[in-house]
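Asks: take this sequence and fold it.
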Amino acid sequence: MLTSILSSMIYALPISVICAAQLFPLFCPEDAAAGPWFATAVFLAVCAFFRHGSLKIRLIIGAAILALSAGIFFAVAEEDRAGFFAERLWILLVLLIILGAFIAGELLSAFRLLRIACAAVCLGIIVFLIIRGKDPGALTCAMLFTIILSVIISEVQHYWKKEGETDERKHMVSIIPFIFLCSVLVLCSPFSKDPYGWPVANRIWQFAKDTYTKISQFFSSDEDYMEATIGFSSGAPGISGKLSTDSAPKEMFTVSFTRKETPSLNLGACGYNEFDGHSWSNSAGESGIGRRHALDMIETRAALMNSGTRNITDHLRSVEVTVTYSNLNTRYALLPGKYMDGLSQGALLETKNDRDNIVFAGKRGLGTSYGFSANMLNKNHKEFIDFLNGIHGSVSENEWYDTVSSVLLKRKSDYPYEEYLSYVQSIRENYYRNVQVSPELRERLDKLYDGCNGAYEKMLRVEAVLSRFTYTTSPGSIPEYVDSPEGFLDWFMLDNPMGYCSHFATAMVLLARAEGLPARYVEGFFVPSSSKGGTTVTDHNSHSWAEIYFEGFGFIPFDPTPGYASATIWQTASERSAYLSTLSKGSLEAFTTEWDDGDASGSQVEESEPEVKQSPALILIPTLMLALLFPASILLYREITKRRFNKLTLAQKSVALCHANMRLMRFLGAKMNVGETLREFAERREQDLPEGLTDFITIYEEISYSGRPLTDDMLFSLMRANRDLAGYASKKHRVAYFFYSLFTG
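Replies: Sure thing, here's the model as predicted:
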């Protein structure tokens with residue numbers, strides 16, 4: 001029986017898995033989790049045992065199904081019955097699908113031509129999927145190949161001349177488990193998300209492409225990509241009055257994150273401080289302003305630690321980032337406005353400061369890789385706005401050294417307070433330029449700033465207003481009469497409110513300076529938000545934005561370009577605590593989002609539905625029904641077999657008893673050897689078993705070979721032998737014999 005069951009599962013199992021993978025998502029509820037798959041495994045086993053099991057097994061299975069169905073039916077209150085079963089209608093659909101798959105597997109096991117046709121269809125499906133580029137899922141592909149391999153093995157078995165055991169089914173049952181094991185190992189091993197991606201060919205092609213890129217970068221001119229694309233005036237190289245976007249995007253570098261769900265990120269390369277009305281330049285000294293990024297983060301941390309904020313993550317969060325250059329050929333390192341210098345790794349450790357930018361000793365290209373911890377600000381949250389508006393003046397000496405020792409775990413001499421004061425002074429000298437706006441523009445700005453509580457809130461309003469202007473790649477060249485920052489602001493803000501990122505970033509920097517804030521113009525790349533843990537950045541993602549300095553906190557990036565500006569906001573600890581208190585314990589897992597794009601302060605909390613308590617009757621009544629119907633099915637089986645036995649002829653009864661006694665002998669561990677006669681078997685086993693238990697073998701031998709007529713005495717002897725063997729087996733192996741008698745016919 002076991003061979004028959006396993007044989008029928010050879011094709012039924014992969015067909016069932018394919019049906020489950022493709023059909024279950026269409027109608028099974030998401031909260032059912034592994035329920036459909038568990039039902040598939042159980043019902044497939046039930047079908048196999050019902051198909052190949054004895055009468056007793058069929059009666060037990062039928063009684064169990066009837067007991068569970070009837071028990072659940074009566075356990076559910078009559079008024080709730082219709083809704084209860086309607087919500088679980090998907091279970092019936094699962095059972096029908098698996099029943100169909102099992103029948104298909106049985107047909108394939110029985111008909112050879114049908115198996116061959118099925119393998120051809122599976123192969124055709126795979127070819128079709130490859131041509132169309134469709135992805136049915138790794139599990140479905142593995143099962144399609146399992147069916148094909150099973151048919152190939154079956155054909156080999158069919159034409160293979162065997163000696164000894166010639167039953168093809170037994171050979172298949174012994175081989176197929178290894179095929180399924182291989183499928184499981186393939187599924188468990190790492191694989192490409194693109195199943196038809198030809199990874200080997202792709203690796204060869206990528207190696208050739210990378211080699212060509214390295215060679216071309218080595219022999220290329222000394223022109224730096226970032227320096228060649230600076231500026232946007234007609235007289236500057238690279239970007240001019242019209243931004244060209246006609247060419248196909250060219251990959252510059254890749255970015256990977258430790259967290260799958262990540263917000264957008266600006267990675268800057270070049271910062272500039274001087275604007276003449278047409279283009280930007282950098283007038284900072286060769287040494288720039290020292291360790292700006294490190295000092296900036298210490299200033300930010302000091303402001304947060306000494307503000308009374310219990311949770312720094314209310315205002316500041318970090319994400320681990322890895323950047324790998326491909327076609328980008330530059331000496332500049334791409335970095336966010338705020339990052340942890342102490343956590344940097346890879347090629348970034350070989351950088352230095354140059355005019356307030358982070359650069360390598362020489363140009364870097366394909367293969368350059370480094371990681372860092374990028375810091376995000378809760379920039380648009382009301383609590384952060386109030387916090388920034390409340391900062392006045394530089395960080396005190398005690399606050400500075402407390403941060404150096406407690407956050408960075410450094411000695412005070414590593415970051416002296418005098419260096420910080422010098423750094424603040426250099427920020428004022430390098431990034432503040434007095435910008436006098438025209439009376440007309442000032443009138444509009446005053447209306448815009450009406451009601452603001454501080455400089456930070458003003459800049460948020462400027463960013464919001466600029467993001468409503470028109471984005472275009474063809475804004476026209478800056479007029480010749482524009483020869484100053486003030487002239488550019490009047491032309492852009494009043495006469496020509498359109499442009500691309502460089503125009504908006506420049507306006508943001510100049511308007512910040514007009515309010516007395518140091519600000520810098522930054523160019524680099526915009527990294528889109530990712531839900532896959534990484535992304536590829538092309539030359540079409542080149543971008544510019546503003547970084548504005550707020551003394552006592554540090555630089556904060558502002559991106560006013562339409563389509564790029566995003567309100568960075570997430571829930572604070574107090575809001576999260578208030579929200580969680582409204583949820584039931586079973587709903588706590590629902591609040592796991594690390595990044596929240598919505599306005600946390602204005603979010604509405606839905607009332608949780610009352611918890612529905614399942615009645616104990618749903619367990620007790622089906623169990624009671626099963627306890628009643630199980631012995632009833634055993635009694636029914638005995639009555640049916642008794643009636644069948646009485647209808648048999650004397651010869652049929654004798655043969656049936658002989659077979660039953662031999663099965664009991666095998667249960668007791670007494671098996672016939674290959675080529676052994678019944679007499680030899682009896683002589684060998686009578687030494688291990690009590691006297692008289694092997695006497696029936698003599699009658700069995702006469703029935704099989706002598707041709708003598710059977711008598712009632714012989715039948716009586718066989719029945720007595722059956723009773724004695726059963727009694728001995730029950731006494732010697734009580735538990736095992738209980739299950740043996742339960743499931744054997």
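
Asks: contacts and neighbour counts: CA atoms only from here.
Replies: Fine.

Asks: okay, Thr140: pLDDT?
Replies: According to the per-residue confidence, Thr140 scores 81 in pLDDT.

Asks: quick check: it touching Ile18?
Replies: Yes: with the criterion set as CA atoms under 8 Å, Thr140 and Ile18 qualify as a contacting pair; they are 5.2 Å apart.

Asks: the residue lying closest to Ser730 once chain neighbours are set aside: neighbour count?
Replies: The shortest distance from Ser730 to any non-neighbouring residue, by CA to CA, 6 or more residues apart in numbering, is to Tyr737 (5.5 Å). Other residues near Tyr737 come to 20 when the count uses other CA atoms under 10 Å.

Asks: in what helix or strand does Tyr737 lie?
Replies: helix 734-743 (DSSP states H and E).

Asks: so where is the stretch 101-250 of the chain shaky, pLDDT-wise?
Replies: Across the stretch 101-250 of the chain, the ranges flagged by pLDDT under 70 are 133, 162-169, 171, 186-187, 189-203, 205-207, 209-210, 212-223, 228-247.

Asks: now the helices for it?
Replies: Secondary structure of the stretch 101-250 of the chain (DSSP state H, counting those that start in this stretch): helices at 112-132, 138-159, 168-188, 199-219, 225-228.

Asks: return the helix or strand in the protein with minimum mean pLDDT.
Replies: Of all helical and strand segments in the chain, the minimum by mean pLDDT, DSSP states H and E falls on helix 573-580, at a mean of 58.

Asks: which of the helices of the stretch 101-250 of the chain sits most buried?
Replies: Here the criterion is mean neighbour count by mean count of other CA atoms under 10 Å, and of these the winner is helix 138-159, at a mean of 18.

Asks: centre of the chain to that one, how far?
Replies: Here helix 138-159 shows a centroid-to-chain-centroid distance of 30 Å under the convention CA atoms, centre = their mean, to the nearest Å.

Asks: tilt between that helix and helix 112-132?
Replies: With axes from the mean of the first three to the mean of the last three CA atoms, to 10 degrees applied, the angle from helix 138-159 to helix 112-132 works out at 140 degrees.

Asks: if we can go back for a sec, the helices of the stretch 101-250 of the chain into a markdown table, with extra columns for distance to Lys732?
Replies: Shown next, in a markdown table, are those (distance: least, CA to CA, whole Å):
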| stretch | distance to Lys732 |
| --- | --- |
| helix 112-132 | 45 |
| helix 138-159 | 41 |
| helix 168-188 | 31 |
| helix 199-219 | 60 |
| helix 225-228 | 86 |
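
Asks: and of those, who's closest to Asp712?
Replies: When the helices of the stretch 101-250 of the chain are compared by CA to CA, helix 168-188 sits nearest Asp712, at 38.3 Å.

Asks: so what secondary structure elements neighbour the closest one?
Replies: Counting contacts by 3 or more CA pairs under 8 Å, 6 or more residues apart in numbering; DSSP states H and E, helix 168-188 is packed against helix 2-27, helix 138-159.

Asks: show me the contact partners of the shortest one.
Replies: Judged by CA atoms under 8 Å, 6 or more residues apart in numbering, the contacts made with helix 138-159 from elsewhere in the structure are 10-11, 14-15, 17-18, 21-22, 115-116, 119-120, 122-123, 126, 168, 171-172, 176, 179-180, 183, 186-187, 195.

Asks: could you provide the helices and strands packed on helix 168-188 in a markdown table, with additional columns for distance to Glu457?
Replies: Conversion of the helices and strands packed on helix 168-188 to a markdown table gives the following (distance: least, CA to CA, whole Å):
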| stretch | distance to Glu457 |
| --- | --- |
| helix 2-27 | 48 |
| helix 138-159 | 52 |
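
Asks: relative to Cys270, which of the ones you listed is closest?
Replies: Nearest to Cys270 among the helices and strands packed on helix 168-188 is helix 138-159; the distance by CA to CA comes to 44.7 Å.

Asks: so the closest one versus helix 2-27, what angle?
Replies: Angle of helix 138-159 versus helix 2-27, following the same axes, to 10 degrees, is 150 degrees.

Asks: show me where the stretch 401-550 of the chain has its strands.
Replies: Assigned by DSSP state E, counting those that start in this stretch, the strands in the stretch 401-550 of the chain fall at 470-471, 498-499, 519-527, 534-538, 542-550.

Asks: now do the stretch 251-400 of the chain
Replies: 251-257, 265-272, 274-275, 280-281, 316-325, 330-332, 339-346, 352-354, 357-364, 369-377.

Asks: quick check: domain ranges of this structure?
Replies: Here the domain assignment for the chain is 2-188, 219-240+251-558, 648-743, based on automatic domain parsing.

Asks: for Ile204, find the nearest of those domains.
Replies: Shortest separation from Ile204 across the domains of the chain is recorded for domain 219-240+251-558, at 16.4 Å, computed as CA to CA.

Asks: the residue nearest to Ser730 and Asp724, how far apart?
Replies: Here Tyr737 is placed at a distance of 14 Å from Asp724 (CA to CA, to the nearest Å).

Asks: before we move on, what about Met305?
Replies: The spacing between Met305 and Asp724, counted by CA to CA, is 87 Å.

Asks: likewise Val655?
Replies: Summarising the geometry, the distance separating Val655 from Asp724, computed by CA to CA, is 18 Å.

Asks: likewise for Leu316?
Replies: 82 Å.

Asks: check His543 too.
Replies: Look at His543 and Asp724: by CA to CA, they are 92 Å apart.

Asks: between the two, which one's more packed in?
Replies: Remark: of His543 and Asp724, His543 carries more neighbours, 22 against 16, as counted by other CA under 10 Å.

Asks: how about that one, what does it touch?
Replies: Applying CA under 8 Å, 6+ apart as the definition, the contact partners of His543 turn out to be 501-502, 523-526.

Asks: any chance of those residues in CSV, plus neighbour count?
Replies: Putting the contacts of His543 into CSV (neighbours: other CA atoms under 10 Å) gives the following:
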residue, neighbour count
Cys501, 23
Ser502, 24
Glu523, 27
Gly524, 24
Phe525, 25
Phe526, 21
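
Asks: quick one: which of these is nearest to Pro485?
Replies: When the contacts of His543 are compared for distance to Pro485, the smallest value, 13.7 Å, is given by Ser502; criterion: CA to CA.
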